[in-house]
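1. no FASTA, just this:
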């Protein structure tokens, strides 16, 4: 299929096809999806004029044995529906459905991830290009849409998903080979390799030491194994693999052998099947340095997930073009850390900086009372006991509308904040901060994923610390210290090791006063906006 033809099919609305299939019900969603795509394949293959039987179709179009076996199971009992369906929509509509409608039988690679990978791989005409963990060959389809005329190979271990890939490959008619081998037993070599591994599984190392590590590195190693001498590979990885201690041996192996060319961090929720933040690893041989791009803030918000527009992809590539390459020796000195934020957003630490731990008298997390227990304590009558939750500090200050509590057990006293304590969010980005301001007789119970930090005010002022934590270099340092795949979280150790410039108390007072003054202006503006928004609802 030519690029122009595929581009034309991509623009076709397949709603009529979906409506035609909606009247047919199967025992499971997978059965439904497989029947729908098989029917669309058959109708497309025979130009909208299916023969009288499945046997005649298989014989006339010389269907491969593996695919014929799937069709025998999924289509034979329902062959009488094929002719009726073929009259519901045009052949092009069925072709568009087959080639562009994803199923939930596999974890399809989003089109925008494929487009970015293609730009990074730069496949060449008449060169070989492999897609591992291929699913229904979304990446190869995007290559064809981009006009790339390579020798394509795909491997998918799931038999049913492979059948979908074979159907697409047959209609695309570009000589795509689709195999069902064990990914880790493939041995051919290719000029370009793309791999989007399955997410959510943990494997054990084969070193005999029983060490656990992320499976993504095994797929990355297989990509390298299959590369030609001057080849290039792209592997999708969980972002946590770039910095987890459990993966350091794998990162050491790749860096020591010069196998990593580029690391690009993308935001969480960029994949439909998981909220895990991912990194794109570009690999080749003979690298003396690595380019890092932090693209976690480059995305287009969707209804449920984030996506990458063409402009977003161009922006990422522009960042890559201007990215400073980090020598391998610097990466080794950083304990083989491959997280882009460790290099791209690494703040300059001034000579007068000290650890936050040296300025802290006490730090503890909020209580972890279950919602049911809190509900029993919350009351409507005003008391001298208030409750602080994460949702009460959305604006960087503590809300005036805190819930009242009827009583407080002595065991919860250690989770209470005092006047001038600093509250810091543990989960999520950006990290939020607030300074506690209490009346003399008020007790404030802090609950949830919040840190309560009592500072040594003889050394440092709370609003000075807040001002630095909220600043660009402060937020960059906090982001750098966060861990976690789905929801970034700030470990206590990272918080303690946070570096803050320790100015004189006089200078601290000056900065703190300016910060408080600016914060008051901001709160006044927010209050005014809320009043105006209220007025807009009162014209009738």
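-> Done, it's in. Bear in mind the structure is a predicted one, so any value in this text is a computation, not a measurement.
2. so the closest residue to residue 362 other than its chain neighbours is in which element?
-> In this structure, residue 362 finds its nearest non-sequential neighbour in residue 454, 4.2 Å apart by C-beta to C-beta, 6 or more residues apart in numbering. Heads up, the C-betas are built off the backbone N, CA and C, glycines and all. Here residue 454 sits within strand 450-455, counting by DSSP states H and E.
3. any residues touching that strand, and which ones?
-> The set of residues external to strand 450-455 that reach it, using C-beta atoms under 8 Å, 6 or more residues apart in numbering, is 356, 359-366, 388, 390, 415, 417-418, 420-426, 446, 461-462, 465, 490, 492, 495.
4. after it, which helix or strand is next?
-> Immediately after strand 450-455, counting by DSSP H and E, sits helix 462-470.
5. partners of the top strand by length along the chain in the sheet?
-> Secondary structure of the chain per DSSP state E: the longest strand is strand 227-238. Looking at strand 227-238 with DSSP bridges, its partner strands are strand 190-195 (parallel), strand 278-283 (antiparallel).
6. from the ones you listed, which stretch is densest packed?
-> strand 190-195 (a mean of 26; mean count of other C-beta atoms under 10 Å).
7. pLDDT (mean, whole number) over that one?
-> Across strand 190-195, the average pLDDT comes to 96.
8. need the residues that contact that strand.
-> So strand 190-195 is contacted by 114, 117, 121-124, 127-133, 139, 150, 153, 219-220, 222-223, 226-228, 230-236 (C-beta under 8 Å, 6+ apart).
9. going along the chain, name the helices of the stretch 51-200 of the chain.
-> 54-60, 65-74, 79-86, 91-100, 111-121, 138-145, 159-172 (DSSP state H, counting those that start in this stretch).
10. tell me how many other residues surround residue 334.
-> Per other C-beta atoms under 10 Å, the neighbour tally for residue 334 reads 15.
11. how much space between it and residue 343?
-> Residue 334 sits 8 Å away from residue 343, going by C-beta to C-beta, to the nearest Å.
12. between those two, which contacts overlap?
-> Overlap of the contact sets of residue 334 and residue 343 (by C-beta under 8 Å, 6+ apart) is empty.
13. and the residue nearest to residue 384 when sequence neighbours are not counted, how many neighbours does it have?
-> Leaving aside its sequence neighbours, residue 384 sits nearest to residue 441 (C-beta to C-beta, 6+ apart; 5.0 Å). Neighbours of residue 441 under the rule other C-beta under 10 Å: 6.
14. just checking, residue 441 is part of a strand?
-> No: using DSSP: H, G, I helix; E, B strand; the rest coil, the secondary structure at residue 441 is coil, not a strand.
15. tell me the buried residues in the longest helix seen in the chain?
-> Counting by DSSP state H, the longest helix found in the chain is helix 505-535. For helix 505-535, the neighbour count (16 or more other C-beta atoms under 10 Å) marks 508, 511, 512, 515, 519 as buried.
16. tell me the average confidence for that helix?
-> Per-residue scores along helix 505-535 average to 93.
17. which strands and helices sit next to that helix?
-> helix 462-470 (3 or more C-beta pairs under 8 Å, 6 or more residues apart in numbering; DSSP states H and E).
18. now the angle from the helix it packs on to strand 450-455?
-> Between helix 462-470 and strand 450-455, the angle comes out at 130 degrees (axes from the mean of the first three to the mean of the last three C-alpha atoms, to 10 degrees).
19. which element follows helix 462-470 toward the C-terminus?
-> According to DSSP H and E, the helix or strand after helix 462-470 is helix 472-481.
20. in that next one, what counts as buried?
-> 473, 474, 475, 476, 477, 478, 479, 480, 481.
21. make TSV out of these and add pLDDT.
-> Listed next are the buried residues of helix 472-481 as TSV, based on pLDDT from 0 to 100:
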residue	pLDDT
473	88
474	91
475	89
476	84
477	87
478	89
479	83
480	79
481	83
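22. which one among the residues you listed gets closest to residue 259?
-> residue 480 (24.4 Å; C-beta to C-beta).
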